[in-house]
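>>> Based on what follows, work out the 3D shape:
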Amino acid sequence: MEDWQNAGFGVYVHWPFCMHKCPYCDFNSHVSREIDQTKWREALLSDIRRSAEQLPDRQVDTVFFGGGTPSLMPPETVAAVIEEIGSAWRFSPSAEISLEANPTSVEAGRFAGYSDAGVNRVSMGIQSLRDADLKALGRMHSVAEARAAFDIARKQFDRVSFDLIYARQNQTADDWELELSEAIDMAVDHLSLYQLTIEKGTRFGDMHARGSLRNLPNDNLATDMYFRTQEICERYGLPAYETSNHARAGAESQHNLIYWRYGDYVGIGPGAHGRISVNGQKLAIETYSDPNLWIERVGKTGWGRKSVEVVSAEEQANEYLMMSLRLAEGSDLARYAALKGSGLYASNLEEMLSSGFVSQEGDIIKTTSKGRPLLNAVLRQLLA
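Purely as a prediction, here's the structure:
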């Protein structure tokens, strides 16, 4: 068995366009007044066909439409992409097909079309249940619109998740606890809860550098919010199965689990990345992020690839550890050693075990409640 089969095979489809660029967002998203829908649909289909030529006879476990704002895609484009994926490969009987959506009334009206196309899971970017904070985050919907869109989604899809951002400007831990309780009352079976991070190259990043992004929670307050998040979600049956993702048993995002369990995935569309296993090698694929350059490249070559690099055995092992330790289920040291050809340095692991940042049972290691908030530091030590 090849290593990727421990986790499965997925297809990520990137739709790069948004109605508006949020000030905190560092994703590959672009505002465009005019989009040639036919041209874009054909380019995505071409990218899928070329990718399948390199990876024939695969079973697709998951498809994820991300962005950007995929809920700006016409339902017929989503249907064509899903049909092409099914023709190029084959779907598993229980394939999860997810689409990210923004909760405006216009996009919510498309939900029936997406369901008919084959989408069976929606992840909604609600981000806040407070109108003032939605405005500060640059969101274009209100809380009322978000709740209405969420209700529509629940009627169309068996599985609906939504995102919230915490550690926002002027937010207290008590404010967040109340908001999170409201979110859990709404939630079906999955929540993604992210601490606001200030990224370089974003409008928030520029404001922060100038000192004009005021009243962000300090580190102690943000840490308090994190621990309250874990405790509250656990209490209500939505434990963290990954650093920022909470779900009832069986409702985990199967597509994201492919990433975290270090499976294979193809990236379709501008700025999409992939990790695929071909002829005994693991390949890291990067596509052109600029939409115009990507679609020009597809027109010339059939796909939008910018670079293909071989991932060494040691890099594979390290990537596996970095991804899988994000999960509550932890990392398999035997799999790590099989990838690398040797195990972790015993002294590094022993230090993390004795410090209480990591626990071990057999070949499985996991971060503890003490180590989970310090995951990057734990990884640095384990891989030193």
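>>> For the rest of this, base every contact and every neighbour count on C-alpha atoms.
OK.
>>> Thr62 against Glu96, yeah?
Yes: look at Thr62 against Glu96 with CA atoms under 8 Å: they come within range, at 4.7 Å.
>>> between these two, who's got more neighbours?
Thr62 (24 against 21; other CA atoms under 10 Å).
>>> Which secondary structure state does the more buried one sit in?
strand (DSSP: H, G, I helix; E, B strand; the rest coil).
>>> what about it, distance to Arg326?
20 Å (CA to CA, to the nearest Å).
>>> Please work out which residues outside stretch 281-301 touch it.
Stretch 281-301 is contacted by residues 16, 28, 40, 43, 46-47, 267, 269-277, 303-312, 316 when judged by CA atoms under 8 Å, 6 or more residues apart in numbering.
>>> Let's see that with 7 Å instead.
Residues outside stretch 281-301 that contact it (CA atoms under 7 Å, 6 or more residues apart in numbering) are 28, 43, 270-277, 303-311.
>>> joint contacts of Thr62 and Glu96?
By CA under 7 Å, 6+ apart, the residues touching both Thr62 and Glu96 are Gln254.
>>> Distance-wise, check the residue nearest to Val278 when sequence neighbours are not counted relative to Ile97.
Once flanking residues are discounted, Val278 sits nearest to Leu55: 7.3 Å by CA to CA, 6 or more residues apart in numbering. Per CA to CA, Leu55 is found 20 Å from Ile97.
>>> Looking at those two, which is more packed in?
Between Leu55 and Ile97, Ile97 has the larger neighbour count (other CA under 10 Å), namely 23 against 16.
>>> give the contact list for that one.
Going by CA under 7 Å, 6+ apart, Ile97 touches 62-64, 119-121.
>>> Next: Ser307.
By CA under 7 Å, 6+ apart, Ser307 lies in contact with 285-287.
>>> Quick one: these as TSV, columns for distance to Pro75 and secondary structure too.
Below are those laid out as TSV (distance: CA to CA, whole Å; DSSP: H, G, I helix; E, B strand; the rest coil):
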residue	distance to Pro75	secondary structure
Ile285	28	strand
Glu286	27	strand
Thr287	24	strand
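>>> now, among those, which is nearest to Tyr194?
Glu286 (25.4 Å; CA to CA).
>>> Just give me the neighbour total for that closest one.
The number of residues packed near Glu286 is 20, by other CA under 10 Å.
>>> in the sheet, who's paired with it?
Residues in a beta bridge with Glu286, per DSSP bridges, are His273, Ser307.
>>> And it, how far from Gly271?
In this view, Glu286 and Gly271 are 7 Å apart by CA to CA.
>>> picking that back up, please identify which of the contacts of Ile97 is nearest to Leu374.
Nearest to Leu374 out of the contacts of Ile97 is Phe64 (CA to CA; 28.8 Å).
>>> Can you get me a residue count around the closest one?
When counting by other CA under 10 Å, one arrives at 25 neighbours for Phe64.
>>> so who does it touch?
Residues near Phe64 by CA under 7 Å, 6+ apart: 11-13, 97-99, 255.
>>> can you pull out the strands in the stretch 51-200 of the chain?
Taking DSSP state E, counting those that start in this stretch as the criterion, the stretch 51-200 of the chain carries its strands at 59-67, 90-101, 121-127, 159-166, 190-195.
>>> Please report phi then psi for Tyr12.
For Tyr12, the backbone dihedrals (degrees, to the nearest 10) come out as phi -100, psi 130.
>>> looking at it, it is touching Pro270, isn't it?
No: the pair Tyr12 / Pro270 is not scored as a contact, 11.0 Å apart, by CA atoms under 7 Å.
>>> Have a look at those two and say which one is more surrounded.
Per other CA under 10 Å, whichever of Tyr12 and Pro270 has more neighbours is Pro270, with 28 against 22.
>>> and that one, what is it in contact with?
Contact analysis of Pro270 by CA under 7 Å, 6+ apart lists 14, 16, 287-291, 294.
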